[in-house]
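Chemist: structure for the following, please:
(2 chains)
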Amino acid sequence: MFLFAMRRIGTGFILFLIVALITFWLLSFSFDSVIAQKLGTAASPETIAALKSEMGLDRSVVVQYLDWLQGVFHGDLGRSLYTQEPVIDAVPPRMVVTLSIVIPALLIATVIAVILGVFAASRGGGADKGAQGLMLFGYLVPNLLVAILLTVVLAVNLHWLPATGYVRFGDDPVGWLKSITIPVIALAIGGAAAIANQVRGAMIDELRKDYVRTLRTRGVSTRAVVYKHALRNAAGPALTVFMITFTNMFGGALIIEQVFALPGFGTYSFNSALQVDYPVLMGLTVFGVALTLGVNLLTDLANGWLNPKARIY
Amino acid sequence: MSAPTTVTAEVEEKRRGTVARLIRDPQAVVTGSILLLMVLAGLFANVIAQHGPNEASLSAALAPVGTPGYPLGGDQSGRDILARLLHSINTAVVSALIGASVAALVGTVSGLIGGYFLKLRGVTEWVFTLIMTFPGMLLLILLMPVTKGDYRFTMLIFGVLLSPGIYRIVRNMTIGVSNELYVDAAKVSGVTNPRILFRHVLSVVRGPIVISTAFLCGTSISTQSGLAFLGVGSKEIPSFGAMISEGFKNIHLAPAQYLWPSLALGLMNACIVLFGNSLRDILQGAQPKPQKIAVAHVAQGFEALDIDTGKASLLSVRDLGIAYRSPAGDLNEVVRGVSLNLKAGETLGLVGESGSGKTQTAFGVLGVLPNEALVTRGSVRIDGKEILGLPEADLINVRGSQIAYVPQEPMSNLDPVYTVGKQLIEGIMASTGVKRAAAKERALELLDRVGIPDPAKTFKSYPHEISGGMAQRVLIAGAVAAAPRILIADEPTTALDVTVQADILDLLRDLQREMGMAIVLVTHNFGVVADICDRIAVMKQGEIVEQGTTVDVFADPQHDYTKMLLNSILDEDTVRSDAPVLVEAAGGEVR
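Modeler: Here you go, the predicted structure:
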């Protein structure tokens, strides 16, 4: 288990280096626009060159990348080009905002998905068709529309919940709950649909297996067969989708954050991207990739716990 | 080469059928027509609307619905909402086409390569893990400076980000198809790899790709509108997202403005959903039917009496019929009016070729037929009490304690995620109602009784850690845990080594003597029958063609089919010398 985790962290680290390099390389095309934004369009070539060399942008991309990487290993992600805020301090609080809507949304989505997926697979027939339609609808209707519909109904018309804004949990727990309710629902619907579809497919596969029949012939109750045996076996394949859904939600939270003016990871990325604030963008990449890799590792460990065969590494 | 050609031809025929069936499906026709109309409206946007999408006129600012020249009114900049809406359709369609085609192309090509060429699989796996590691939407934002606001470029990247889903589907199916015999045949006959991939593999994976593409289109449109809503991309491009965003800002001035693009976007995606749904139903066929066994007709008036004693038999099956529905909807009976009698303590051999309906009969008696099966008629009684069609909750009390089952394939009949011990305990508690501690004691006792050398160790083992022969012993232990009166053993030795087969039969015989069980032994092996059975019932094409005592049937088979089976088995035994157990056993009984 420990060795396996170490190996995954090792490959994850290599993956991180590559992702960071690609991102850095792609961003390097826009370094000129940074200078233009700083100096305005009327700057003379000399001033541009001077600023470039001052910022170190006249060096080759690889050298700059290695320079940046060296900083990363010393815990220094640089400072925002515009606010001078250290990146390493700026990202975590915003990540907390995003995670505080993504994690509840993921939990709600999972619960709904398991109920819906198991219902569809174990009932079959009309129940299955209905559940499948529901899943497809949830999957494809843009969460933007869901968010707007909920806002118009719950906030603008009924005044039950605030339309926009974020309240910190520490300041006002009830206000926090109110401020995340609509965003969480909007995010959860799409995620629930994606996971439910996988749970349904995996459950159908499991319920057709021989061991299910054999357990039934021993007088084991249907409930135990479905939930204790089939669902646990089906959880492995479903976990993979769970992981992908988390990544998608984390990225997709961006739109929701914008709609509801939540000061999260997505909003921060968006604003930084507009300004090509590349130290911040690279910092966001570091945190984003680390989070994804962390979740992937946890998923694999959970999979090993669920499936004893996968435990032998 | 003939085999591959036929398969391709079949797929071809199936595909032609798909279009025909789509046209007959009202949901597909309606949603397909709406989508087509939307696309056409977008293409003729300049003809339908009187203004360009970015043509602003001060006088039209916030013009109400129905203003001449502005059928849906104007937005806050005085642009024609209808024109913008129609042009937004084009943006959505282009986004869908780019996103879906890039994802489908990249995913399919890599999936074929990764699935077919074992050596390259490591590389493709790695690349797609990398792609999945990127938080998609975030990357699109991060790359804004690179894409320069061109949504087409953005959708191209998005297509790559979407491709892992397609990759996995295609890879898995390709791995499956590569192992098929007709692909091997093509390889052997010298067909080149690209040709095999193109002709044989692609034709099989086409269905799932077509279905996924519908959903890729929907996802692409949602993403593009989401990005446009955020203001990513050029302001010159009219799009649903941008329109919703503008309308939302004016929600108090002109509450209806965000409604038009929302409705159009919702309609478009809903149609894609429903169309994709129809497509999937047609290409992937019906989903599993309800679990409960539908008993069309339970036979009345059949006296389940023992012929000899006049009392009710232990198990009596009368006129049992089991059918499956063909894709066309016709009922296809696989068990046709089977009647069987089983006295306490006796062993009945249910013999026949594979596909003769033996196993279906066994499942029908146990009430564990697959969901698709339909019990068309008949009666199954234990001590004269009807159990066919009983609700699952009542059957649970009968199974395990009255009637039990030993399966054919030992490994697949154990749940891989629980230890052997846990599974045994669960069955014992369910069928006898004892407490956990007592159940554990009983489980260890049983493992010892069925001849497992180290019961405590096996108890703690997972199924993949024990051998097939051991697993079969475990399954027998599980079946006899509550000392059932009837044991149905479905080819209990077929999947095992010849050396283990005789031991398992001996074990069954010993357990039968100890517990006084009656056994129904389902088999195609006359040697096994001769060894252990008192009576035989021979099945052919779902019907019992001959029943009698083992000695009578072996000495003087009445039905031609029985004669044929007997001859073929005996011939085989004399030719092949690798099954001495069977020859010896058969000889012993017939004497």
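Chemist: so which residues of the chain form strands?
Modeler: By default, I'm working from chain A. Read by DSSP state E, chain A holds no strands at all.
Chemist: actually chain B
Modeler: Secondary structure of chain B (DSSP E): strands located at B:315-325, B:331-342, B:347-351, B:374-382, B:385-386, B:403-406, B:486-490, B:518-523, B:535-540, B:543-549.
Chemist: for chain B, what's its nearest residue on the stretch 1-150 of chain A.
Modeler: Nearest residue of the stretch 1-150 of chain A to chain B, counting by CB to the nearest CB: residue A:30, 3.3 Å away. The way it works is simple: take the backbone N, C-alpha and C, and place the C-beta from them, glycine included.
Chemist: wait, that residue sits on residue B:146?
Modeler: Yes - with contact defined as CB atoms under 8 Å, residue A:30 and residue B:146 form a contacting pair (6.6 Å).
Chemist: in a markdown table: the strands of chain B, plus distance to residue A:205 and mean pLDDT.
Modeler: As requested, these are arranged in a markdown table below (distance: least, CB to CB, whole Å; pLDDT from 0 to 100):
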| stretch | distance to residue A:205 | mean pLDDT |
| --- | --- | --- |
| strand B:315-325 | 20 | 87 |
| strand B:331-342 | 23 | 88 |
| strand B:347-351 | 29 | 92 |
| strand B:374-382 | 22 | 85 |
| strand B:385-386 | 33 | 84 |
| strand B:403-406 | 22 | 92 |
| strand B:486-490 | 22 | 92 |
| strand B:518-523 | 26 | 92 |
| strand B:535-540 | 30 | 91 |
| strand B:543-549 | 33 | 89 |
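Chemist: in CSV, list those strands along with distance to residue B:210 and mean neighbour count.
Modeler: Below are the strands of chain B laid out as CSV (distance: least, CB to CB, whole Å; neighbours: other CB atoms under 10 Å in any protein chain shown):
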stretch, distance to residue B:210, mean neighbour count
strand B:315-325, 25, 21
strand B:331-342, 29, 19
strand B:347-351, 44, 26
strand B:374-382, 31, 21
strand B:385-386, 48, 13
strand B:403-406, 41, 27
strand B:486-490, 39, 24
strand B:518-523, 42, 24
strand B:535-540, 42, 24
strand B:543-549, 42, 18
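Chemist: can you lay out those as a markdown table showing distance to chain A?
Modeler: As requested, the strands of chain B are exported to a markdown table (distance: least, CB to the nearest CB, whole Å):
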| stretch | distance to chain A |
| --- | --- |
| strand B:315-325 | 13 |
| strand B:331-342 | 17 |
| strand B:347-351 | 16 |
| strand B:374-382 | 13 |
| strand B:385-386 | 16 |
| strand B:403-406 | 4 |
| strand B:486-490 | 8 |
| strand B:518-523 | 13 |
| strand B:535-540 | 20 |
| strand B:543-549 | 23 |
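Chemist: take those strands and write them to TSV, including distance to residue B:78.
Modeler: Shown next, in TSV, are the strands of chain B (distance: least, CB to CB, whole Å):
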stretch	distance to residue B:78
strand B:315-325	62
strand B:331-342	67
strand B:347-351	84
strand B:374-382	66
strand B:385-386	79
strand B:403-406	77
strand B:486-490	78
strand B:518-523	81
strand B:535-540	83
strand B:543-549	82
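Chemist: looking at the ones you listed, which is nearest to residue A:155?
Modeler: Nearest to residue A:155 among the strands of chain B is strand B:315-325 (50.7 Å), distances taken as CB to CB.
Chemist: neighbouring strands of the closest one in the sheet, and parallel or not?
Modeler: strand B:331-342 (antiparallel), strand B:374-382 (antiparallel) (DSSP bridges).
Chemist: kindly calculate the angle that the first one makes with strand B:347-351.
Modeler: Pointing back at strand B:331-342 there. Interaxial angle of strand B:331-342 relative to strand B:347-351 (axes from the mean of the first three to the mean of the last three CA atoms, to 10 degrees): 160 degrees.
Chemist: burial count for the residue in the stretch 101-250 of chain A that chain B sits nearest to?
Modeler: Nearest residue of the stretch 101-250 of chain A to chain B: residue A:219, at 3.2 Å (CB to the nearest CB). By the criterion of other CB atoms under 10 Å in any protein chain shown, residue A:219 has 27 neighbours.
Chemist: quick check: domain ranges of the chain?
Modeler: No chain was given, so I picked chain A. A:1-76+A:279-313, A:93-275 (automatic domain parsing).
Chemist: to clarify, I was referring to chain B.
Modeler: Taken from automatic domain parsing, chain B resolves into B:89-284, B:415-478.
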